[in-house]
Structures are given as structure tokens and as C-alpha cells.
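Student: Give me coordinates for this.
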Amino acid sequence: MKQILSQSTLLTAASLVAVVTGDEYTHRYKKGDRVDLWVNKVGPYANPQEAYEYYTLPYCAPDTKHHPSNENGAFNALKAHSIGERLGGHALRHSGHDLLFADDKGGVLETCTTEKLTDEQTALFAKAANDQWFYQMYVDDLPVWGMVGEMLPDLDAAKSEKFGSDLSHLEEAVAKHAREGGALTPYVYTKRTLVVSYNDDRVVKVDLTSDPSSLKEVKKGMALTFELDIQWAKTNTPFHSRFDRYLDHAFFKHQIHWFSIFNSFMMVLFLMGLVALILLRTLRKDYARYALNHGPGGRDLEMAEQNDHHGSDDEDEDVDENGKPLLDEGGRPSGPGRMGVEDSGWKQVHGDVFRAPKFLPLLAAILGTGWQLVTLVMGVVLFAVAGPLHGEVHEERGEVLHAILVFYSLSSIVAGYASGSYFKLYFATTPAGRSKGGAAAGGTTQWQLTMGLTVLLLPTILVSILSVLNFIALCYQTIYYIPFLVLLKLFFLWVFVSVPLCILGTLLGRHAKLGGKKSDPFPCRVNAIPRPIPDDIQWYGVPANLIPFAGLLSFGSIFIELYYILTSLWNYKFYHVYGFLLGVYAILCLVVCMTTVIVVYFSLNSENYLWQWTAFYSGSSTALYVFLYSIYYFVFKTSMNGLVQTSFYFGYMLLISLGVGTLCGTLGHWSANKFVRTIFQNVKVD
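Tutor: Numbering: from 1, shown residues only. Down below sits the predicted model:
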């Protein structure tokens with residue numbers, strides 16, 4: 001294949017010029033073609049987000065044609081990055097090393113020597129060794145990692161003992177020295193071996209090893225000589241499976257992972273049975289009992305009140321176990337119910353159940369944002385599942401973040417339509433909606449408020465949290481700082497794509513026909529005067545008592561998968577089991593819907609018709625458990641420390657928790673809305 005070379009000028013503050021080979025994108029080379037070795041980052045192993053540019057440490061430039069003293073050298077030139085790569089914390093720079101594809105020389109040794117180390121440079125290497133810093137490099141988009149140095153006892157003494165001249169038992173030497181109470185000294189690796197394996201014209205494997213015998217003590221005023229031994233080896237490994245060695249199949253496809261899916265599925269079956277047993281059977285009895293009041297044998301409500309006082313204990317005897325009315329010998333309803341039963345429980349609130357909720361514009365905006373997140377998550381997961389068709393997302397840097405940006409922008413129309421249609425649905429039940437003058441004047445203001453909240457709600461939360469994190473990253477000069485040009489691109493993407501689509505969706509929702517053939521979109525008319533909500537109700541009728549249990553059940557269906565996701569985010573794992581994720585997402589949706597229906601039913605049965613916010617809180621309470629679990633994970637499953645990492649961890653987990661809460665709350669509200677409409681459609685109201 002003919003080699004393709006192109007030069008790309010990066011419009012950055014440093015105005016660096018990077019020379020990029022076209023074969024990096026086709027992944028095909030001819031013998032002797034140049035293969036670029038990119039250095040990405042260095043940082044503490046325990047803190048993934050506390051990462052710095054590779055040459056933050058005083059490494060030297062290799063003595064090649066790319067040396068800074070040579071003209072047109074590519075050393076330290078910044079590689080072109082996508083928005084997703086920059087948001088993911090990638091800052092690849094050219095290492096300055098020369099790699100020639102399939103070189104037959106048996107190995108190329110490239111060296112360089114630093115200037116005499118200053119106090120500051122010595123302190124940097126000492127800090128890197130003490131905090132267990134690692135570095136990351138890329139060859140043909142394949143990552144490799146290595147440790148910067150070690151904290152060790154006196155190496156001359158260690159070599160003279162049984163540990164071996166090659167220091168292959170460093171851990172044993174360190175352990176012995178620690179038992180003796182001696183101090184440790186910082187050392188850095190000065191020789192690395194890079195073995196690049198290829199199959200035909202493709203790079204399929206890269207290994208990087210650090211030679212323990214090359215460890216040098218870091219001292220002020222000394223010069224360090226670094227060596228890179230480049231070797232090429234043939235292999236029969238196919239190109240399409242070259243990334244498999246980075247995927248921890250034993251971890252992600254462990255038996256407990258399969259068991260968690262099965263356990264969550266059984267929970268869904270249990271909840272479905274519970275809903276069918278408690279709600280459907282109870283509702284059937286309710287319908288039959290209420291039918292007695294409107295049938296031929298019914299009496300007036302005064303008689304029903306007397307019956308309630310004298311025969312409330314026998315209320316359930318009006319119907320049989322199948323929910324059918326009990327009949328006497330003459331075929332008429334028998335028992336106390338034949339005297340008439342007053343409407344009680346959920347049917348009592350038929351004139352208020354479809355009343356507009358408090359803070360209607362805010363709830364409409366939240367639900368619109370929730371539907372946007374539902375669409376976004378489903379789109380990204382399906383895109384990842386379809387990886388074999390377009391390329392696995394875990395093999396491309398920033399691919400998932402890029403997909404999130406695209407789906408977020410395009411799904412803005414969903415947010416606008418959902419919020420606009422929901423506001424239109426309930427606005428007619430508000431005082432302003434009932435009066436013609438109020439609907440014209442106040443309605444316009446409310447519409448504008450709803451649209452503005454939908455456009456700004458999620459971006460405002462994101463910008464607020466990410467601005468704080470970006471400021472911290474900038475102060476510490478980590479590579480997770482988002483450059484100004486990237487921020488500008490994101491702003492243009494939001495202004496020219498997301499905002500117009502959201503406004504368009506709101507207008508479509510405002511003019512949508514929601515009532516079908518009927519002019520009234522609700523099964524029951526809304527009373528002009530709201531009825532009081534009883535105070536003396538059982539504990540299981542109080543929404544605040546039920547909502548935590550609903551969130552706990554929803555969290556229980558996902559917490560195993562949440563562990564795998566957090567491990568991928570914070571512990572250098574490549575998440576690749578998107579089929580599992582799709583299944584867990586479907587299970588979460590079902591569990592949230594069913595638990596919310598149960599909570600809303602008990603609330604309505606206690607004559608509490610304020611179900612809209614209750615339904616949303618029921619689903620969104622899952623977020624509380626997600627955030628509490630993230631605290632547990634931080635304390636017991638990681639070794640993270642420092643302001644930078646702690647801020648990034650809890651900042652990102654707060655965003656994730658808020659997203660999960662909004663998504664689950666929206667699904668819960670949707671299921672409750674379907675449930676409420678269904679039960680009141682089947683009730684005859686005089």
C-alpha cells in the first residue's frame with residue numbers, strides 16, 4: 001500500500017506543527033514506513049484524573065532527527081485530537097523516537113541524556129517515584145503503560161544479597177528493608193524495551209518493559225541517560241482481535257455478573273406478580289364494590305354513610321374472591337353493600353387527580369430533560385452494542401464521549417416536545433388556563449418560562465459543576481483541563497444545534513393534539529375547588545415513607561452492574577459488555593415503572609391526589625442510593641487521594657447521580673400517568 005503523508009497545522013496557543021502519517025488511520029504499513037510513538041500522560045496510579053502531560057517530568061529528547069536542535073523535528077508536537085479525546089483527558093505528543101515498520105536490524109537502541117538535574121527536577125522525579133506515577137504511550141492506537149520509578153532501599157546492598165543482580169525480587173528487598181525500619185530512596189527506570197509485533201502489514205501487539213537493573217537513584221546535579229530498545233517481531237495474531245488482550249474477560253464475564261442479571265430478572269418477575277396480585281385484584285374488587293352504588297340496588301349516600309359506620313368491617317364481603325358482587329336468592333346484591341357504598345379511597349379524588357401539579361413549568365422542563373436522557377442513554381448503548389458494524393467504541397479514544405455529544409444535541413427536540421406537550425396538557429386545569437384573559441396573558445409567560453427552563457436546566461447544571469472542575473484542573477495544570485477552543489466548539493454546538501431543536505420541539509409539543517377524538521384530554525373533569533387531603537392516614541399511605549423503598553428496589557436491580565461501570569471509570573478497565581448494560585437498562589426501566597405504580601396507588605388510596613411529584617420522586621430516589629454507593633466505593637474500593645482526584649470523582653458522580661435520578665423519575669412519572677389514566681377511565685362518575 002502506498003504511503004500517505006499529511007501535515008496538519010494545529011491552531012493552538014503554542015502553534016505546534018504535527019506530522020501525522022496517514023497509515024495511523026488505515027493501520028497498514030509497508031516495510032520501512034514510519035510508525036509514530038506518541039506519549040500521552042503521567043500521573044499517580046491511584047488517581048486517574050490527576051494526570052499531567054508526559055514531559056512534565058524532565059525526560060530528555062531522544063537523539064534522533066526529531067531532536068529539538070534539528071530543523072522540522074516532530075518532538076513534543078501535539079497530535080490532532082477530536083472533541084471526545086480532549087474531554088477524555090488525552091494529550092498525545094510526539095515522543096521523538098524513530099520507529100520503522102518491520103525493521104530487520106534486530107533492534108534499535110535510541111538514547112538521550114538529560115542535563116544535570118536541578119532541585120526542582122529532582123523533586124519531580126522523587127515525587128513520581130514516591131506516589132507511584134505511571135506513564136502511557138500509544139503505538140498505532142494501541143496503548144502501553146509503564147512505571148516511572150520505585151522507592152527502594154540501597155540497591156548496592158540489595159544486589160549483594162540473594163535477591164539477584166537483576167533485582168528481579170524488588171518487592172522482597174523492599175519488604176525486608178521495611179521490616180528493618182530503613183528509609184527508602186527514589187529511583188527511576190532508565191532503560192525500556194518496546195517490542196512491536198506485526199502480522200503482514202499491520203501492527204497487532206505492543207509490549208513495553210522496564211529493566212529493573214537500569215534503576216538509577218535520583219540525585220541533584222546528576223545526569224540521567226535514558227534508553228529505548230525498539231524491537232520488531234512477527235506474529236500470527238489476527239488484526240481484528242488485537243484489542244482483546246486489553247479486555248478483562250475474566251472480570252467482566254465472571255459468573256457473578258451473569259448471576260446479577262438473573263437476580264435482577266427474578267426481581268422484575270416478582271414485582272410484576274406483586275403488581276398483578278395486589279393492584280389488579282384489589283382494583284377489580286373496587287370496581288365491583290363501586291358498581292353496587294350505581295346499580296339498581298343502590299341507595300343514597302346517607303344510607304351509605306350509615307353502612308360505613310355499622311358495617312365497615314364487612315366491606316370486603318360485598319364481593320367474592322374473584323371481585324364479583326355477592327347475590328342473594330333473588331339475584332340481587334347481598335350483604336351490607338346492597339344498601340350503597342360511598343366512594344372511598346382513590347375514587348374519591350376523581351375530581352382532583354388530573355389537577356395541574358405545583359410548579360408546572362419546572363416539572364415540565366424536568367420531564368422533558370428526563371426524556372432527553374432516556375433517548376440519549378438508549379441511543380449511546382445501542383450504538384455501542386452495534387460496535388461490530390462500525391468499530392468497537394472501546395478501541396477508539398473518545399468515541400463514547402463523541403457519541404454522547406451527538407445524541408445529546410439531536411435528542412434536544414425530544415426534550416422540547418415532551419416539556420411542551422406536558423405543559424399544554426395541564427395548563428388548561430390551572431386558574432390562568434380556565435379564564436380566557438388569563439390564558440392569553442399568563443399563558444404566554446408560562447410558555448416562555450417552560451421553554452427557557454427546558455433549554456437551560458441541564459446545561460446550567462453541567463456548566464456549573466464542570467466549571468469548578470475545570471478551574472481546579474487548570475490550577476494544577478492537569479490534562480483534564482478543557483482548552484478554550486474545545487469550550488468554544490461545545491458552545492457553538494449547543495447554540496446552533498441543541499437550542500434550536502429544543503425550541504422547535506417545544507413548539508411542536510404546544511400545538512400537538514393530545515386529546516384524541518375528545519376535546520378534554522383527561523377521563524375525568526377537574527373540580528374548580530380542590531378537596532382537602534386527609535391527615536389521619538396509615539403510614540403506608542404517606543409518600544415520604546414509600547419513596548425510599550421504591551428507590552432501594554430500583555437500586556438493587558443495578559448495583560452489581562454499577563460496580564463494573566465504576567471500576568471501568570476509575571480503575572483503568574475497558575468496559576465492553578454493552579449487551580449486559582442494555583439488559584440492565586431494560587430491567588431498571590421495568591423496576592422503576594412498577595415500583596412507582598405501587599407507590600402512587602397507595603397514595604391515591606389514601607385520597608392524596610398530588611401524585612405527579614410523588615411519582616417523579618419515587619423513581620428519582622434511585623439517585624440517592626447511587627451517590628451513597630459511590631461514597632462507599634471511594635472509601636473502600638479505591639486509594640484515591642488529593643483535592644484534584646476527590647473533586648473530579650465526586651463531581652462526576654454527582655452528575656451521574658443527577659442524570660440517573662432525572663431519567664428514573666421521568667420513567668416513574670410516565671408509568672404512573674398511564675396507570676392513573678387507566679383506572680379512572682374505567683370508573684363511572686356521575
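Student: From here on, just use CA atoms for contacts and neighbour counts.
Tutor: Will do.
Student: did I read that right, residue 102 in a helix?
Tutor: No: counting by DSSP: H, G, I helix; E, B strand; the rest coil, residue 102 falls outside a helix, being coil.
Student: Got the phi and psi for it?
Tutor: In terms of degrees, to the nearest 10, the main-chain angles of residue 102 are phi 50, psi 40.
Student: so it makes contact with residue 203?
Tutor: No: counting by C-alpha atoms under 8 Å, residue 102 stays clear of residue 203, with 9.4 Å between them.
Student: residue ranges of the helices in the stretch 551-686 of the chain, please?
Tutor: Residue ranges of the helices in the stretch 551-686 of the chain, as given by DSSP state H, counting those that start in this stretch, are 559-570, 578-605, 611-620, 622-636, 643-681.
Student: I'd like to know which of these is closest to residue 56.
Tutor: helix 643-681 (16.8 Å; C-alpha to C-alpha).
Student: how about that closest one: buried residues?
Tutor: Neighbour-count burial for helix 643-681, counted by 16 or more other C-alpha atoms under 10 Å, picks out 644-649, 651-655, 657-673, 675-676, 680.
Student: same for it, what does it pack against?
Tutor: helix 360-385, helix 436-476, helix 578-605, helix 611-620, helix 622-636 (3 or more C-alpha pairs under 8 Å, 6 or more residues apart in numbering; DSSP states H and E).
Student: Could you say which of the ones you listed is packed most deeply?
Tutor: helix 611-620 (a mean of 27; mean count of other C-alpha atoms under 10 Å).
Student: CA atoms only: put that helix into CSV for me.
Tutor: Provided in CSV are the C-alpha atoms of helix 611-620 (Å, rounded to 0.1, in the frame of the first residue of the first chain):
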residue,chain,number,x,y,z
TRP,A,611,-49.4,12.1,42.6
GLN,A,612,-47.3,13.8,39.9
TRP,A,613,-44.3,14.9,42.1
THR,A,614,-44.7,11.7,44.2
ALA,A,615,-44.3,9.6,41.0
PHE,A,616,-41.2,11.6,40.0
TYR,A,617,-39.6,11.4,43.5
SER,A,618,-40.4,7.7,43.6
GLY,A,619,-38.2,7.0,40.6
SER,A,620,-35.6,9.6,41.2
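Student: For it, which outside residues touch it?
Tutor: When contacts are defined by C-alpha atoms under 8 Å, 6 or more residues apart in numbering, helix 611-620 is touched by residues 353, 357, 363, 543, 546-548, 550-551, 554, 592-593, 595-597, 599-600, 603-604, 660-669, 672-673.
Student: What of stretch 627-641?
Tutor: Counting by C-alpha under 8 Å, 6+ apart, 46-47, 646, 653-654, 657 sit against stretch 627-641.
Student: Determine whether the claim that residue 151 is in a strand is correct.
Tutor: Yes: judged by three-state DSSP, residue 151 forms part of a strand.
Student: comparing the helices and strands packed on helix 643-681, which gets the lowest mean pLDDT score?
Tutor: Mean pLDDT per stretch puts helix 436-476 lowest among the helices and strands packed on helix 643-681, at a mean of 85.
Student: what about the helix or strand that comes right after that one, distance to the chain center?
Tutor: Using DSSP states H and E, the helix or strand that follows helix 436-476 in sequence is helix 484-493. Offset of helix 484-493 from its chain centre (C-alpha atoms, centre = their mean, to the nearest Å): 22 Å.
Student: I'd like to know the average pLDDT value across helix 484-493.
Tutor: The model assigns helix 484-493 a mean pLDDT of 96.
Student: going on from that helix, what's the next piece of helix or strand?
Tutor: Helix 484-493 is succeeded, C-terminally, by helix 499-510 (DSSP H and E).
Student: Can you list the neighbours in contact with that following helix?
Tutor: 410, 412-424, 451, 454-455.
Student: taking those one by one, which sit in helices?
Tutor: When the contacts of helix 499-510 are checked against helices (DSSP state H), the matches are 410, 412-424, 451, 454-455.
Student: Residue 560: what's its closest spatial neighbour, skipping adjacent residues?
Tutor: Leaving aside its chain neighbours, residue 560 sits nearest to residue 260 (6.3 Å; criterion: C-alpha to C-alpha, 6 or more residues apart in numbering).
Student: So what touches the helix or strand where that neighbour lies?
Tutor: Per DSSP H and E: residue 260 is located in helix 255-274. For helix 255-274, the external contacting residues (C-alpha under 8 Å, 6+ apart) are 556-558, 560-561, 580, 583-584, 587, 590-591, 594-595.
Student: got TSV for those residues, with distance to residue 92 too?
Tutor: Below are the contacts of helix 255-274 laid out as TSV (distance: C-alpha to C-alpha, whole Å):
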residue	distance to residue 92
556	40
557	39
558	36
560	34
561	32
580	32
583	36
584	35
587	39
590	43
591	43
594	48
595	48
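Student: Quick check: the farthest pair among those?
Tutor: Of all pairs in these, the most separated under C-alpha to C-alpha is 580 and 595 at 22.3 Å.
Student: coming back round to it: reformat the helices and strands packed on helix 643-681 as TSV; add distance to residue 144.
Tutor: Below are the helices and strands packed on helix 643-681 laid out as TSV (distance: least, C-alpha to C-alpha, whole Å):
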stretch	distance to residue 144
helix 360-385	24
helix 436-476	24
helix 578-605	24
helix 611-620	40
helix 622-636	26
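Student: Quick one: closest of those helices to residue 113.
Tutor: Comparing the helices and strands packed on helix 643-681 by C-alpha to C-alpha, helix 436-476 comes nearest, at 28.0 Å.
Student: Flag the shaky bits of the stretch 151-300 of the chain, pLDDT-wise.
Tutor: In the predicted model of the stretch 151-300 of the chain, residues 155-182, 278-280, 282, 286-300 satisfy pLDDT under 70.
Student: Look up how far residue 186 lies from residue 409.
Tutor: Residue 409 sits 49 Å away from residue 186, going by C-alpha to C-alpha, to the nearest Å.
Student: swap in residue 557?
Tutor: Taken as C-alpha to C-alpha, the span from residue 557 to residue 186 is 47 Å.
Student: again, but for residue 349
Tutor: Where residue 186 is concerned, residue 349 sits at a distance of 74 Å (C-alpha to C-alpha).
Student: To which secondary structure element is the nearest residue to residue 151 once chain neighbours are set aside assigned?
Tutor: Excluding its sequence neighbours, the residue lying closest to residue 151 (C-alpha to C-alpha, 6+ apart) is residue 186, at 4.6 Å. Counting by DSSP H and E, the element that carries residue 186 is strand 185-188.
Student: Quickly run through the sheet partners of that strand, with directions.
Tutor: Strand 185-188 has the following strand partners under DSSP bridges: strand 149-152 (antiparallel), strand 216-217 (antiparallel).
Student: contacting residues around the first one?
Tutor: The set of residues that contact strand 149-152 without belonging to it, under C-alpha under 8 Å, 6+ apart, is 125, 128-130, 132-133, 170, 173-174, 184-189, 215.
Student: what's the burial count for residue 493?
Tutor: Neighbour count of residue 493, defined by other C-alpha atoms under 10 Å: 15.
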